[in-house]
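Trainee: Have a look at this fold, sequence not included:
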């Protein structure tokens, strides 16, 4: 792939993506959303976040992967429990990741 | 007198939240940097790709197509299709940014991506009075440099990183998002959406790469809002 072709490609992808990203901000000012539609958007956002977690953990490349399930589940559980108890997000994140590393090393 | 458009407190909070997410974004873009160089792109072109496209799934996809028989327009269409999910994200965000002049919003639309979108939306649910636009700017200010750093590191250190650190870095974002959900999602219908999407998304992602998460969310959200409408009618 020569540099000129690649620049055309990323310019095209960048421009198209920008239009997709920016158009709703213009449309959104002209349309008043009904409450149920707003609920729908909120549900989608929550769903994307939950799906994003499981996808990041359990999909490697284009395949399902549950090889580190115990370590990953432990990390999530530690983080959530610590957060609910102490309400310290940053500390919860680092503690959970550290615990996951230790468990992974111990499990080999 | 001009009104203050950027609330510094909310901007700083957004920046801090973005820094936590950056822990995962850096290795994701390290992977892109490696792939790009392996596929024969120069480091400069790989970096420009991150700057212009700013969406790792699309970047991975088009970089992976290098060497195939695809024509230039096929690369472009594929990359754009992969990013159509941003439409829904921007549409949701537009509702909270109506007070911000378009000339300020539109340049920042480039930074609409899963992480800035989700972090900002969840903060808004928790802090109703927070300024959505300022928080989003803060998140984007932390996240965007992290993607550039990751891409650059991809050329330099990837092969020297111990596997345990790579594994650990992959956990930052899911752990962080889990905390946000556990702290914030309390309503029954929202919990149903969370559980159903969490379970369905990996399978959907394998069936429809790049779209599985959004499809799972679309279906779950539609069912949930249908139930809500039915409950409202039933009183």
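Mentor: Right, received. Where do you want to start? Given the structure is predicted, the values throughout are model-derived calculations rather than measurements.

Trainee: so who does the residue most central in space within chain A touch?
Mentor: For chain A, the residue sitting closest to the mean C-alpha position, by Cα atoms, centre = their mean, is residue A:52 at 4.0 Å. With contacts taken as Cβ atoms under 8 Å, 6 or more residues apart in numbering or on different chains, residue A:52 has the following neighbours: B:114, B:118, B:173, B:174, B:177, B:201, B:213. Placement of C-beta: from N, CA and C, glycine included.

Trainee: same thing with residue A:28?
Mentor: The contact partners of residue A:28, taken as Cβ under 8 Å, 6+ apart, are B:90, B:91, B:94, B:95, B:97, B:98.

Trainee: Throw the contacts of residue A:52 into a markdown table and include distance to residue A:1, secondary structure and neighbour count, thanks.
Mentor: As requested, the contacts of residue A:52 are arranged in a markdown table below (distance: Cβ to Cβ, whole Å; DSSP: H, G, I helix; E, B strand; the rest coil; neighbours: other Cβ atoms under 10 Å in any protein chain shown):
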| residue | distance to residue A:1 | secondary structure | neighbour count |
| --- | --- | --- | --- |
| B:114 | 27 | helix | 21 |
| B:118 | 33 | helix | 23 |
| B:173 | 30 | helix | 25 |
| B:174 | 33 | helix | 23 |
| B:177 | 35 | helix | 25 |
| B:201 | 32 | helix | 28 |
| B:213 | 29 | helix | 29 |
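
Trainee: Same list, those residues, but only the ones touching chain A.
Mentor: Filtering the contacts of residue A:52 for proximity to chain A (criterion: Cβ under 8 Å from any Cβ of the partner chain) leaves B:114, B:118, B:173, B:174, B:177, B:201, B:213.

Trainee: Following the longest helix along chain A in sequence, what is the next regular element?
Mentor: The helix spanning the most residues in chain A, taking DSSP state H as the definition, is helix A:3-30. Counting by DSSP states H and E, the element after helix A:3-30 in chain order, helix or strand, is helix A:35-58.

Trainee: Buried residues in that following helix, which are they?
Mentor: Taking 16 or more other Cβ atoms under 10 Å in any protein chain shown as the basis for neighbour counts, the residues of helix A:35-58 that come out buried are A:39-58.

Trainee: What separation is there between the residue nearest to the centre of chain A and residue B:69?
Mentor: Here the criterion is Cβ to Cβ, to the nearest Å. By it, residue A:52 lies 32 Å from residue B:69.

Trainee: try residue B:123
Mentor: With distances taken as Cβ to Cβ, residue B:123 is found 45 Å from residue B:69.

Trainee: returning to what we had before: now find how far off-centre the longest helix of chain A is within its chain.
Mentor: On the basis of Cα atoms, centre = their mean, to the nearest Å, the separation between the geometric centre of helix A:3-30 and that of its chain is 21 Å.

Trainee: For it, give the mean pLDDT please.
Mentor: Taken as a whole, helix A:3-30 carries a mean pLDDT of 94.

Trainee: and what of stretch B:179-198?
Mentor: Over the span of stretch B:179-198, the pLDDT mean works out to 89.

Trainee: go on, stretch B:108-115?
Mentor: On average, the pLDDT along stretch B:108-115 is 92.

Trainee: That stretch spans what distance, first to last residue?
Mentor: As for stretch B:108-115, its first-to-last residue distance stands at 14 Å under the measure Cα to Cα, to the nearest Å.

Trainee: residues making contact with it?
Mentor: A:18, A:21-22, A:25, A:48, A:52, B:18, B:21, B:25, B:54-55, B:86, B:89-90, B:93, B:136-137, B:139-140, B:143-144, B:173.
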